[in-house]
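> 3D model of this:
(4 chains, ligands or ions: 8)
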Protein chains: 4
Amino acid sequence: MRLLFLGDVVGRSGRKAAIAAIPELRRRYDLDFVVINGENAAGGFGISESILTELLDAGADVVTLGNHAFDQKETLVYIERHDRLIRPVNFPKGTPGRGAGLFKARNDADVLVVNVLGRVFMADMDCPFNAVDAEVEACPLGQGADVILIDFHAETTSEKQAFGHYFDGRASVIVGTHTHAPTADERILPSGTAYMSDAGMCGDYESVLGMQVEEPINRFRTRIPRQRFEPSDGPATVSGLAVEIDDRTGLATRVKAVRLGGVLQSSEPEFWLS
Amino acid sequence: MRLLFLGDVVGRSGRKAAIAAIPELRRRYDLDFVVINGENAAGGFGISESILTELLDAGADVVTLGNHAFDQKETLVYIERHDRLIRPVNFPKGTPGRGAGLFKARNDADVLVVNVLGRVFMADMDCPFNAVDAEVEACPLGQGADVILIDFHAETTSEKQAFGHYFDGRASVIVGTHTHAPTADERILPSGTAYMSDAGMCGDYESVLGMQVEEPINRFRTRIPRQRFEPSDGPATVSGLAVEIDDRTGLATRVKAVRLGGVLQSSEPEFWLS
Amino acid sequence: MRLLFLGDVVGRSGRKAAIAAIPELRRRYDLDFVVINGENAAGGFGISESILTELLDAGADVVTLGNHAFDQKETLVYIERHDRLIRPVNFPKGTPGRGAGLFKARNDADVLVVNVLGRVFMADMDCPFNAVDAEVEACPLGQGADVILIDFHAETTSEKQAFGHYFDGRASVIVGTHTHAPTADERILPSGTAYMSDAGMCGDYESVLGMQVEEPINRFRTRIPRQRFEPSDGPATVSGLAVEIDDRTGLATRVKAVRLGGVLQSSEPEFWLS
Amino acid sequence: MRLLFLGDVVGRSGRKAAIAAIPELRRRYDLDFVVINGENAAGGFGISESILTELLDAGADVVTLGNHAFDQKETLVYIERHDRLIRPVNFPKGTPGRGAGLFKARNDADVLVVNVLGRVFMADMDCPFNAVDAEVEACPLGQGADVILIDFHAETTSEKQAFGHYFDGRASVIVGTHTHAPTADERILPSGTAYMSDAGMCGDYESVLGMQVEEPINRFRTRIPRQRFEPSDGPATVSGLAVEIDDRTGLATRVKAVRLGGVLQSSEPEFWLS
Ligand SMILES: [Fe+2]
Ligand SMILES: [Fe+2]
Ligand SMILES: [Fe+2]
Ligand SMILES: [Fe+2]
Ligand SMILES: [Fe+2]
Ligand SMILES: [Fe+2]
Ligand SMILES: [Fe+2]
Ligand SMILES: [Fe+2]
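Numbering: from 1, shown residues only, chains lettered A, B, ... in the order given. Ligands and ions are numbered 1, 2, ... in the order given. Model (predicted):
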């Protein structure tokens, strides 16, 4: 089975690029399942229902979130109508929406998608290890789920790498998001889980996290805000992770970073391009 | 001119790999200048004088540091004898050692090397933008220095990217260190500076930041230390950044990540392999 | 009923003062119940079994802890034998010891004591509000417990004050610890709970948090450790909170800070000194 | 000489109380100099020019600020016209306004007032110890200044206490602000400097930092903002520190917390009430 994960969509440039890329890549790579992180899709802050719908219509099976999940207040309401929108599972009990869902892939596999927030230098949430343990124990790989993808939205490489090794062999894919810079450490961990510390973003990399550079530089240097952060609107790079999964075991057999367009050096799963 | 930067050397595995790689890569790429970050060379924590000497003897022109600069107490003393060991420039006035130095490359170019600490989620230091401004103004590209390399040792991609854009055109190379995960965003910024958010480490990536996985997982899950952190001793990946610099302008003309050995996917400056 | 809570015991000076004060104050104030925070009793870091025993022998009914709970490794073992030693309730499941206990006071009242860690600028723990909700719902004031005391070990006044108001009317006493500086905001909240943002420490206040001033100043100024932190051994102030509780309702009727000895201005529950 | 410092004015309740109290206390205590922290005077966030004028008209000699200094954008402009408004001295070079000023007291003494931000768990600023060293060296006690008052706006008791001891003997008064909870540790340090870790606020203490309790509780529990923070409008406590200073040495001879009105227990410099 062929799975594609795309990192945080930032602003209009990233949105347009992702919406154009998803159907194109479904064809080109003959994909079975596509997940995309949408926490910055609406001008950098959260996601509106209309943008969510655009991403789903473009062919995303699931949209995940992060610390910006509810930056658009409407999300607190419409998330209840959209079971393909997954917010971090370790938000407090009572938070609207759900943190995990089981979805049917094109090849009929049952894919469990979990989104979870790290804690180091992030918001104070309950333990991500425990929260995901509970989900994975309730629906284990090879029993409840044919495939398990975990989007670990976290700041530090230490928490991400520890998390990856802790769940190695119990998930098909563990992919980090949040830093908006793709890491070059994608690989298959010793027990068979595909891992990448950060998928990077879908957005304009000639920027600071996808936002225009002037105001971030201003804030670092003067400590005084001068204007709002605005998404950078140069050409976006669509960034993510391509994983081939063994249908029998649910574990990864091949993995490659995806980077297409924009200013970054390209990467493609050439093993799917015959 | 051909410059190679290698990221944080972690423990024995990373040290052995780096020491073997430096002379080999000097030959293979016909390098003019080599800088390596050594802040974790001694069992993950700091650097001893004998390890420093080994790295220099292997062919490193300069060794940079970071938040772990003085984990080995002896460094406070011997750093005064070693002008090729550069610690973060924004340590408080009075800190032993120096934060910048001008070095002669093999091709006779004068290379200014600056090491500086970020502040976001790091130790409380004085402003890295101002500290480096002072160094670069005292010895500007094309006047005091033919080439300027800045090792920005920082946690977040936001501070690193803002820093890169702020100095774009005023340095030859801005390369991040500290997260121990290489980013895949190496490129030449609009005004000619080679940039990479993080060079990654020289160490065993089947690990948490180069350390064995059990104790980091234990601490994240239980919040109670059980043992010391120990470097992971599997095969290391030598990670860094290769930059070709225009001798006339001091700006970058070609850039490529270097990743050799270990469990990461390989990358090489194929433009230097004729 | 008359209850006394004493804040973090720091080092030998604080320990000696607390051990001398507890029996003396039991007599002078005719106390029914005494709780003391012991997280810094052993040289500033944690508590040994022999020190715990000394505090209990002196007349403490319960000893609470905090982020330094397990600085002395032996505590992980002996805490299981001591049901009068209470560690933060929101440590991860599986942590040795317990986070709450029901104890018989001298006047036969059943006193529930809970210790809990804040999260803002502290270790990453699960939600203190939820953790204490669970304890208080399992053993509510006026049903399972005649009196409820919560030691909220936290850094910021915002988290402490929000916590106090959230549990107002559901606990007899909410007292903060951890900052080692007594606040002057002790009072009875609108629904009857005695509240104080921080009880202060039992230790030498001519210090930094009870430790000798040289090394803390050195670290703030140079960012480089020079020596270990050592407890300051000048005369200690015994600091805490005196609360009179209505036996019928379990709510507070009178409250006054206690500060005796050392360099701070004195405070006593003069309403108990007839 | 008689000096009064009042802590952070919060919202309308705090403002009205402070404006009523300043002339009244000038009379009652026969004060020579009054400083008040105004960083939260405008609805909790910053200070407008009209509020500044009201505080000065009421009899404040100087108004200090903190991390909220520029929450009201207009402050960036009007601060240049008001030399009695002092913002933190360790803001980056180029920040509007000034961080220290020399003022004439009623008794003709020259009073140096410095405002400075701590760094631990605060914004990333340059070193407060160095910044204040520079001010105090430029205008030392007994030479350039008859009296020196430093408002250290910081989060942690450790940084505040270290700061106090570091400047002990070189300032007349070091008083902390920012936590909005008064500490009960006011005293004269060994070398003669009056010290108090936090002056507390002028505001309604039946609150969370002077703001209504519902939204802070909501954010701690749900991590999702529901509404803006609004100042609590119950009766305010005017909180601060009264210091008697030896005219000859500029050092403190008597010190007492001031707490008047509202829900806190009262405190007054009874040595000034004959
Ligand atoms: Fe994001
Ligand atoms: Fe994020
Ligand atoms: Fe490092
Ligand atoms: Fe580092
Ligand atoms: Fe403590
Ligand atoms: Fe503590
Ligand atoms: Fe304030
Ligand atoms: Fe503040």
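
> so who does the residue nearest in space to the middle of chain A touch?
Compute the mean C-alpha point of chain A, and by CA atoms, centre = their mean the closest residue is A:N37, 3.7 Å away. Applying CB atoms under 8 Å, 6 or more residues apart in numbering or on different chains to A:N37 gives the contacts A:5-9, A:63-66, A:151, A:153, A:177, A:199. Every residue, glycine included, has its C-beta placed from N, CA and C.

> partner residues bridging it?
Here A:N37 sits in beta bridges with A:T64, going by DSSP bridges.

> Could you verify my assumption that A:E54 touches A:A18?
No - using CB atoms under 8 Å, A:E54 makes no contact with A:A18, being 9.2 Å away.

> Pick out whichever of these two has more residues nearby.
A:A18 (29 against 18; other CB atoms under 10 Å in any protein chain shown).

> So for the residue nearest to the centre of chain A, what's the pLDDT?
A:N37 is assigned a pLDDT of 98 by the prediction.

> cool, and A:E270?
Among the per-residue scores, A:E270 shows a pLDDT of 97.

> these two touch, right, it and A:K256?
Yes - counting by CB under 8 Å, A:K256 is a contact partner of A:E270 at 7.4 Å.

> Now name the helix or strand holding A:Y78.
Assigned by DSSP states H and E, A:Y78 belongs to helix A:75-78.

> Give me the helices and strands touching that helix, please.
Here helix A:75-78 touches helix A:49-58, going by 3 or more CB pairs under 8 Å, 6 or more residues apart in numbering or on different chains; DSSP states H and E.

> Next up, the contacts around A:S197.
A:T157, A:K160, A:Q161, A:G164, A:G176, A:T183, A:D185, B:A181.

> what about it, distance to ligand 6?
32 Å (CB to the ion, to the nearest Å).

> ok, which stretches of chain A are helices?
Chain-ordered helices for chain A, with DSSP state H as the definition, fall at A:11-29, A:49-58, A:75-78, A:128-138, A:157-167, A:214-222.

> deepest of those helices, which one?
For these, average neighbour numbers computed from mean count of other CB atoms under 10 Å in any protein chain shown are highest in helix A:157-167, which has a mean of 25.

> And for that one, what's in contact with it?
Residues from elsewhere that reach helix A:157-167, judged by CB under 8 Å, 6+ apart: A:118-120, A:128-129, A:132, A:136, A:150, A:152, A:154, A:174, A:176, A:183, A:189, A:193, A:195, A:197-198, B:179-181, B:207-209, B:213, B:216-217, B:220-221.

> same question, stretch A:125-132
A:88-92, A:99, A:114, A:116-119, A:150, A:152, A:154, A:159, A:163, A:166-167, B:220-221, C:92-93, C:124, C:126-127, D:223.

> Got a PyMOL select line for the buried ones in these?
Only the buried entries of those go into this PyMOL selection, using 16 or more other CB atoms under 10 Å in any protein chain shown:
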select buried, (chain A and resi 88+89+90+91+99+114+116+117+118+119+150+152+154+159+163+166+167) or (chain B and resi 220+221) or (chain C and resi 124+126+127) or (chain D and resi 223)
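
> Isn't A:G7 up against A:A181?
No - in this structure A:G7 lies outside contact range of A:A181 using CB under 8 Å: 9.4 Å.

> Quickly list what's touching both of these two.
Counting by CB under 8 Å, 6+ apart, the residues touching both A:G7 and A:A181 are A:D198, A:G200, A:M201.

> Inside strands: which ones of the contacts of A:N37?
A:F5, A:L6, A:V63, A:T64, A:D151, A:H153, A:T177 (DSSP state E).

> from those residues, which two are the most distant?
A:L6 and A:H153 (13.8 Å; CB to CB).

> residue ranges of the strands in the stretch 151-274 of chain A, please?
Applying DSSP state E, counting those that start in this stretch to the stretch 151-274 of chain A gives strands spanning A:173-177, A:187-188, A:194-196, A:238-245, A:252-260.

> Output those as CSV; include the columns mean neighbour count, distance to ligand 1 and mean pLDDT.
Shown next, in CSV, are the strands of the stretch 151-274 of chain A (neighbours: other CB atoms under 10 Å in any protein chain shown; distance: least, CB to the ion, whole Å; pLDDT from 0 to 100):
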stretch, mean neighbour count, distance to ligand 1, mean pLDDT
strand A:173-177, 29, 6, 98
strand A:187-188, 19, 23, 98
strand A:194-196, 28, 15, 99
strand A:238-245, 28, 12, 98
strand A:252-260, 21, 17, 98
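
> how about those strands, which one is nearest C:L260?
Of the strands of the stretch 151-274 of chain A, nearest to C:L260 by CB to CB is strand A:173-177, at 53.2 Å.

> does that closest one come close to chain B?
No - legend: contact between strand A:173-177 and chain B by CB under 8 Å from any CB of the partner chain is lacking; minimum distance shown is 9.1 Å.

> Mind listing residues that contact that strand?
With CB under 8 Å, 6+ apart as the test, strand A:173-177 has contacts from A:3, A:5, A:7-8, A:37, A:39, A:64, A:66, A:147-154, A:160, A:163-164, A:167-168, A:183, A:193-199, A:240-241, A:243, A:245, A:252.

> How about the stretch 101-250 of chain A: which residue is closest to ligand 6?
The nearest approach of the stretch 101-250 of chain A to ligand 6 comes at A:D124, 16.8 Å away (CB to the ion).

> Chain neighbours aside, what residue packs nearest to that residue?
Leaving aside its sequence neighbours, A:D124 sits nearest to C:R119 (CB to CB, 6 or more residues apart in numbering or on different chains; 4.0 Å).

> Looks like the one you found contacts A:A123 (just checking).
No - using CB under 8 Å, C:R119 makes no contact with A:A123, being 9.5 Å away.

> Show me the common contact partners of these two, please.
What both C:R119 and A:A123 touch, as defined by CB under 8 Å, 6+ apart, is an empty set.

> Out of the strands of the stretch 151-274 of chain A, which gets nearest to ligand 3?
Judged by CB to the ion, the one of these that comes nearest to ligand 3 is strand A:173-177, at 18.4 Å.

> ok now the closest one, how far from the chain's centre?
Offset of strand A:173-177 from its chain centre (CA atoms, centre = their mean, to the nearest Å): 7 Å.

> contacting residues for the residue of chain A most remote from its centre?
For chain A, the residue at maximal distance from the C-alpha centroid (CA atoms, centre = their mean) is A:T222, at 32.6 Å. With contact taken as CB under 8 Å, 6+ apart, A:T222 is in contact with D:P92, D:G94, D:T95.

> Show me which of these is closest to ligand 4.
Nearest to ligand 4 among these, counting by CB to the ion, is D:P92 at 24.6 Å.

> The closest one contacts A:N218, doesn't it?
No - at 10.6 Å, D:P92 does not count as touching A:N218 under the criterion of CB under 8 Å.

> how about the contacts of A:S197 in JSON lines, adding distance to ligand 2?
Converted to JSON lines, the contacts of A:S197 look like this (distance: CB to the ion, whole Å):
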{"residue": "A:T157", "distance to ligand 2": "15"}
{"residue": "A:K160", "distance to ligand 2": "13"}
{"residue": "A:Q161", "distance to ligand 2": "18"}
{"residue": "A:G164", "distance to ligand 2": "18"}
{"residue": "A:G176", "distance to ligand 2": "10"}
{"residue": "A:T183", "distance to ligand 2": "15"}
{"residue": "A:D185", "distance to ligand 2": "19"}
{"residue": "B:A181", "distance to ligand 2": "17"}
